[in-house]
Each structure stands twice: as structure tokens, then as C-alpha cells.
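Peer 1: Sequence first, predicted model second:
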Amino acid sequence: MLSELWNERWAGCPPVGHRLRGPYRDVWVRFHSLPESKRYAEDEGEYAVILERYNAVLDELFAGGEVYVITAAWSAEPDLPPHQRDAGYWQSLLVNDDPDPEYRTYYHLFADRRPWRRGCVDGLLRDVADDKVADVLITDTQLQRIHHPYDGGADVFLTTPEERDRMRDRHAGWLSSHPAGL
């Protein structure tokens, strides 16, 4: 069912956060995690700012509802890594179809459904902020809105350009000064 929902809402794009920005630019906004677009925290005060920003947006998107927390594991094999066989497996994607099998890359996705509560993924978000974990998606159960945290910020995909503009305006101080919003 999750794959059907994905294909209905995000047609033509695999569930890979950085690939959504191109085809869904009209509903995308990027927020930076730290003032002046600083990428990495250097102390606990900066980690607190990062988690506050992530959670402020996540609360606006998902408060009172349930979410899927989608994580990924990369491998050179089409089979699931043995240590993750029972971890909420969703699907696997071939993301780099190199003619040489040694250079093919597979993306194994895992989806965990849970009630959204502020702070419920803080450990994961801190790992993302430290670039220990990548390719996380947090979405409502109907896949209408997506929060894609990365080391340095979050890409957020909303239902309409108007909704995107309202969220962007509420957090204008967290936007990039780059003309393309990056």
C-alpha cells in the first residue's frame, strides 16, 4: 500500500529525498539548521538550535497525527543486509545501474509508522545533523507532506505552492540567501 500511495502522490520520482526537489520544486522549501547557513554544530547549544528547528517544522507538519519514518541502507547487493531483514522493510531500488556489477548501488528502504511526538526522532535527527545517517524521510501516513532532513537543514515538500509559501514565510530567517534556495 505504501508504494501505491507513493506512486500516486510523487509520480515519476523514487522515494529518495534529494531527487524530489527537481520535479516538485513548486512545493519545495529548504530550511537551514543553524544561523548563517552554518552546516555542523560545534557544541550542545548549536545542537539544541538544530533540534528546535527540525522539531518546529515537524510539529507544524505532523502534530496530532502519525508518521512514517523512512530510513535507507545502501549496498552493492540487491539482497537486504542480513542485520536489517526484520526492520520494517519497504522496498529496494537500483539507484546506480552501472554495467559493472561491482559498481551497482541499491537503496533499501525501511518504514516505521509511529505517532508523531515532538522529540520522538531526536536521536535520528542528531545523527543526520552529524552526517552519520542520510536519506531519511518523515511523512504523514498519506504521503502528502515530506520532511527530508540532511546535514545542514531540511527539504520540506508540501501539498501546494501556497502552503509552501506560508511555511517559508513563517521561518524566513532559516532560509538560504542562495538565489535557488539551496
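Peer 2: Received, thanks.

Peer 1: in this structure, which helix has the most residues?
Peer 2: In the chain, with assignment by DSSP state H, the single longest helix is helix 44-62.

Peer 1: Identify the residues contacting that one?
Peer 2: Outside helix 44-62, the residues that touch it by C-beta atoms under 8 Å, 6 or more residues apart in numbering are 31, 33-35, 38, 41, 116, 118-119, 121-122, 125-126, 129, 138, 140, 145, 147, 149, 154, 156, 167, 170-171, 174. The C-beta positions use only the backbone N, C-alpha and C, and glycine is treated the same way.

Peer 1: Okay, helices next: where are they in the chain?
Peer 2: Taking DSSP H as the criterion, the chain contains helices spanning 2-9, 17-20, 44-62, 122-129, 161-170.

Peer 1: Out of these, the one nearest Trp90 is which?
Peer 2: Nearest to Trp90 among the helices of the chain is helix 2-9; the distance by C-beta to C-beta comes to 5.9 Å.

Peer 1: Show residues contacting the closest one.
Peer 2: Pro15, Tyr68, Trp90, Gln91, Ala111, Gln142, Leu143, Gln144.

Peer 1: circling back to that earlier point, take the helices of the chain and write them to CSV, including mean neighbour count, distance to Pro78 and mean pLDDT.
Peer 2: Listed next are those as CSV, based on neighbours: other C-beta atoms under 10 Å; distance: least, C-beta to C-beta, whole Å; pLDDT from 0 to 100:
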stretch, mean neighbour count, distance to Pro78, mean pLDDT
helix 2-9, 14, 17, 95
helix 17-20, 16, 20, 90
helix 44-62, 17, 32, 97
helix 122-129, 18, 26, 97
helix 161-170, 14, 36, 97
